[in-house]
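S.K.: This is a predicted model, with the sequence first.
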Amino acid sequence: MWPSELTGVLLTHRHSDHAGNARWLREKFGVPVFAHRADAEILEGIRPRPVMERGEGSFVAGLLAKVENRWPARVPVDRALDDGDSVGSLEVHWTPGHTEGSVFYRHVHTRALLSGDTLLTAVPPLVYRAGLALPYPTFTGDMARAYESIRAFQSRAACRGHTRDVAYDHLLPGHGRPLWNDARARIVDFLREQGIVAANSRV
Ligand SMILES: [Zn+2]
């Protein structure tokens with residue numbers, strides 16, 4: 001497949017390690033760019049971009065935060081997305097916290113969840129590990145909001161019939177290896193271990 005055959009670049013969020021090539025694909029091959037409205041405004045420079053602080057993060061994370069602050073991704077967004085939108089077979093679920101406009105995309109036919117940096121299977125930037133990981137604090141604007149987004153998404157998944165069906169089997173995170181099969185049950189166990197969802201709650 002050639003880049004010009006792409007029908008769109010769907011951004012999970014605005015950080016440059018995810019959005020950095022979008023401008024190149026758009027300018028060179030005319031590929032339209034999609035992002036949630038809240039991140040689109042920052043990618044287009046309409047709203048100011050929050051500055052990343054190292055905080056309690058590692059030395060390497062601090063360096064990467066400096067790089068992000070110095071060279072943030074900038075790209076015109078052809079379609080600003082909202083929670084509940086669909087793009088082809090992908091549903092948009094707004095999960096703010098890591099960034100203002102972070103989203104999950106759920107691929108309806110394969111029941112795969114693309115989680116960006118809001119649910120990971122590696123601790124960024126480079127350390128791979130076997131298990132699941134929450135958003136990395138240095139790179140995350142609002143941890144409490146990210147946790148709330150994850151919790152809300154999981155509980156929506158629990159009440160099928162009341163809201164949209166958000167069940168999924170596979171996780172395709174922004175960093176780390178895919179989690180194939182039974183991903184939701186493993187993620188719920190992980191969230192219980194982390195205290196993100198209560199041990200006895202029905203999710
Ligand atoms: Zn990120």
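M.R.: Everything's here; your move.
S.K.: for the spatially most central residue of the chain, phi and psi?
M.R.: For the chain, Gly116 is the residue whose C-alpha lies nearest the centre (CA atoms, centre = their mean; 2.7 Å). The phi and psi values for Gly116, taken as degrees, to the nearest 10, are phi 60, psi -130.
S.K.: got the contact list for the closest residue to it other than its chain neighbours?
M.R.: Spatial nearest neighbour of Gly116, excluding adjacent residues (CB to CB, 6 or more residues apart in numbering): Thr12 at 2.8 Å. In short, each C-beta sits where N, CA and C put it, glycine included. With contact set as CB atoms under 8 Å, 6 or more residues apart in numbering, Thr12 has these partners: His18, Ser102, Val103, Phe104, Tyr105, Leu114, Ser115, Gly116, Asp117, Thr118, Gly174.
S.K.: Please list all residues in contact with the first one.
M.R.: By that I understand His18. By CB under 8 Å, 6+ apart, the residues touching His18 are Leu11, Thr12, Ala73, Gly116, Asp117, Gly174.
S.K.: part of a helix, is the third one?
M.R.: No: judged by DSSP: H, G, I helix; E, B strand; the rest coil, Ala73 forms no part of a helix; its state is coil.
S.K.: Surely it is in contact with Ala19?
M.R.: Yes: using CB atoms under 8 Å, Ala73 is in contact with Ala19, at 3.8 Å.
S.K.: shared neighbours of the two, which are they?
M.R.: Common contacts of Ala73 and Ala19 (CB under 8 Å, 6+ apart): Leu43.
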